[in-house]
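Participant: need a structure here:
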Amino acid sequence: MNTASIAASFAVLAGLLTSTSALAATYQVTTTADDLDPALCDDTAASRCSLRTAIDLANQTAEHDDIIVPPGLYVLDNDGEGTIEIHTPMAIIGQAAGRTVIEPSMPLQAGFFISGEETEVRFESLSFEGGSEPQHGLLQAFGAGSLYLLDVDVLDFDFDETLVAAQGTNLQLHGVTFAGNTTDESAEPMVWTTGHLLAERLVLADNVMEGEGSSVVDASGGMARLRHIEIRDNSSDSFIVQLRSHFHVEGLYFHDNASEDGGLAVGHSNGGVIEQSTFASNTAKEGAALLVVEPEVNYVTTEVENSTFFGNEGVRGSAIAAAGMVQGRHLTIADNDSEFGVIYGIAGVATKIELEASVVAGKSAAPVCGGVPLGSNGYNLFEDASCPASALDIVEQPAGLDDQLTYGNFTPTVQPRGKSPLLDAVPTSALQADQRGRSRVAGAADIGAVECGAHGC
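Facilitator: The predicted structure follows:
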């Protein structure tokens, strides 16, 4: 799948994840108590309308309803009625994350269970915070239409089942932070969806996933679109993030993560695009930054463009490890450390790594390329002779890069210094802009993710 067709597919995805339901009723929550008494949920001054009661009333109509939740701490506990079920369209709207706080405190139960084929549910402007007891999941949607989290924090949960599960349900995360969540010896991911995933301004930070299979995010069904995402300081006994189907990742800052199996794992059954992204200071045995797994059913390609891999560490493939097909254009791969190759081709029937207009600079005496030999489409710079080169490549010359990741915008990168051989070395570039969105010079573009141009970097 090429870049244009992927973009068209994700335009359709965005439409699928946009609600057009008309509003039918608005319920105003007036108490933080967790009780169920519809008789107390009215428009009188004596109203004592709980969150649980408002949701129960909204469930009784097929139309989309709004539930307004003022600032306060809303503890859901066993003195109520257990898991809150939602099976009609509704929006639960707080005042702001950190002001409206929902704390499920129901061991061995989920916080909210969402079902119904046409059900679209939105949680907006609030926080979910873990209580003193381990939680059996937070939001579980099965066969619903869509689940939206907008400007929501999910903080400090100790959980033994997936916190946000969207099985057969589209999941949209916009302005959402998952931070400080932990699972102990669970085989469950923190966020899991088999529907489409659309995420923008998502932060995943300081989450600890212990147990085989316990990745931070596992998107295993529909298309996944990630834009302007920061994933940092997470640890996992599995992968940090798995994108198993079609994907488009733009503006990802993936840094300081530690994993057992790999950082961002893609290519299980479909290809996709990663662009304008930075992978920095991650550690894993292989694929500490990017792991392209062997495809399950067909030969698919992962395209990586205008991206930076800096300071990653692992036994093999600390920047890129691949058992599938990878095409890299205008990549800056520098200061990574790996015993058997910063870029490593894992033996497999589909393994094929090709680079174009990219710089690969090592950190130690270890080779920068290892495993199944990569292919060159020209105009690369390899700092040693371990990477098979074409007549159009520069080999065994210092790249002349800065040694700090301090340059750029949301996704920082490194720039060439002085008279670096990277400058003006690409007569024909396939990409019109660099990692920062700056136009490339026609006829004299620079190798790597950064375009300096006539006026300097």
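Participant: quick one: low-confidence parts of the stretch 51-200 of the chain?
Facilitator: Applying pLDDT under 70 to the stretch 51-200 of the chain picks out residues 78-81, 108, 132-134, 185-187.
Participant: just the helices in it please.
Facilitator: 51-58 (DSSP state H, counting those that start in this stretch).
Participant: Which residue comes closest to residue 222 once chain neighbours are left out?
Facilitator: residue 196 (3.7 Å; Cβ to Cβ, 6 or more residues apart in numbering). To be clear about C-beta, it is placed using only N, CA and C from the backbone, and glycine gets the same treatment.
Participant: Likewise for residue 309?
Facilitator: Leaving aside its sequence neighbours, residue 309 sits nearest to residue 319 (Cβ to Cβ, 6+ apart; 3.8 Å).
Participant: residue contacts, residue 302?
Facilitator: By Cβ atoms under 8 Å, 6 or more residues apart in numbering, the contact list for residue 302 reads 266-267, 271-274, 292, 322, 324-327.
Participant: Can you pull the phi/psi pair for it?
Facilitator: Per-residue torsions, residue 302: phi -100, psi 120 (degrees, to the nearest 10).
Participant: ok, what's across the strand from it?
Facilitator: For residue 302, the beta-bridge partners are residue 272, residue 326 (DSSP bridges).
Participant: Model confidence for it, exactly?
Facilitator: pLDDT, residue 302: 94.
Participant: Endpoints of stretch 257-276, how far apart?
Facilitator: 19 Å (Cα to Cα, to the nearest Å).
Participant: Quick check, residue 348 in contact with residue 323.
Facilitator: Yes: the pair residue 348 / residue 323 is scored as a contact, 4.0 Å apart, by Cβ atoms under 8 Å.
Participant: what touches both of these two?
Facilitator: Common neighbours of residue 348 and residue 323 (Cβ under 8 Å, 6+ apart) are residue 294.
Participant: more crowded one of those two?
Facilitator: In terms of neighbours (other Cβ atoms under 10 Å), residue 323 is the more surrounded of residue 348 and residue 323; the figures are 25 against 15.
Participant: how close does that one get to residue 257?
Facilitator: Counting by Cβ to Cβ, to the nearest Å, the gap from residue 323 to residue 257 is 21 Å.
Participant: Likewise for residue 177?
Facilitator: Residue 177 is 16 Å from residue 257, where distance means Cβ to Cβ.
Participant: More neighbours: these two, which one.
Facilitator: residue 257 (29 against 20).
Participant: how about the strands of the stretch 301-450 of the chain, start to end?
Facilitator: 301-310, 313-314, 320-322, 325-338, 343-345, 352-356, 359-362, 369-371, 375-376, 381-382, 394-395, 407-408, 412-413 (DSSP state E, counting those that start in this stretch).
Participant: Next, count neighbours for residue 349.
Facilitator: Number of residues near residue 349 (other Cβ under 10 Å) recorded here: 10.
Participant: what sits against it?
Facilitator: residue 294.
Participant: Report pLDDT for it.
Facilitator: Here, the pLDDT recorded for residue 349 equals 74.
Participant: what does residue 210 give?
Facilitator: Note for residue 210: predicted pLDDT of 88.
Participant: so residue 179 sits right up against residue 155, yeah?
Facilitator: Yes: at 5.5 Å, residue 179 counts as touching residue 155 under the criterion of Cβ under 8 Å.
Participant: Can you tell me how far the residue nearest to residue 222 is from residue 166?
Facilitator: Separation of residue 196 from residue 166 (Cβ to Cβ) stands at 9 Å.
Participant: What of residue 431?
Facilitator: Taking Cβ to Cβ, one finds residue 431 at 34 Å from residue 166.
Participant: doesn't residue 92 make contact with residue 125?
Facilitator: No: contact between residue 125 and residue 92 fails when scored by Cβ under 8 Å: they sit 9.5 Å apart.
Participant: Tell me which of these two has more neighbours.
Facilitator: residue 92 (27 against 18).
Participant: from memory the more buried one sits against residue 122, does it?
Facilitator: Yes: the pair residue 92 / residue 122 is scored as a contact, 7.1 Å apart, by Cβ under 8 Å.
Participant: So for stretch 235-255, first residue to last residue, what's the gap.
Facilitator: 11 Å.
Participant: so how far is that stretch from its chain's centroid?
Facilitator: 5 Å (Cα atoms, centre = their mean, to the nearest Å).
Participant: Same check on stretch 192-211?
Facilitator: In terms of Cα atoms, centre = their mean, the centre of stretch 192-211 is found 6 Å from the chain centre.
Participant: List the buried residues of it.
Facilitator: By neighbour count on 16 or more other Cβ atoms under 10 Å, the buried set for stretch 192-211 is 192-209.
Participant: Let me see the contact set for residue 254.
Facilitator: 229, 231-232, 240, 263-264, 277-280, 282, 289.
Participant: same thing but 6 Å
Facilitator: 231, 279 (Cβ atoms under 6 Å, 6 or more residues apart in numbering).
Participant: same check, this time on residue 400
Facilitator: Neighbouring residues of residue 400 by Cβ under 6 Å, 6+ apart: 416-417, 420.
Participant: mind checking pLDDT for it?
Facilitator: 90.
Participant: Please apply the same query to the one 10 residues further on.
Facilitator: According to the predicted model, the pLDDT of residue 410 comes to 87.
Participant: ok, now residue 35?
Facilitator: Reported pLDDT at residue 35 in the predicted model: 87.
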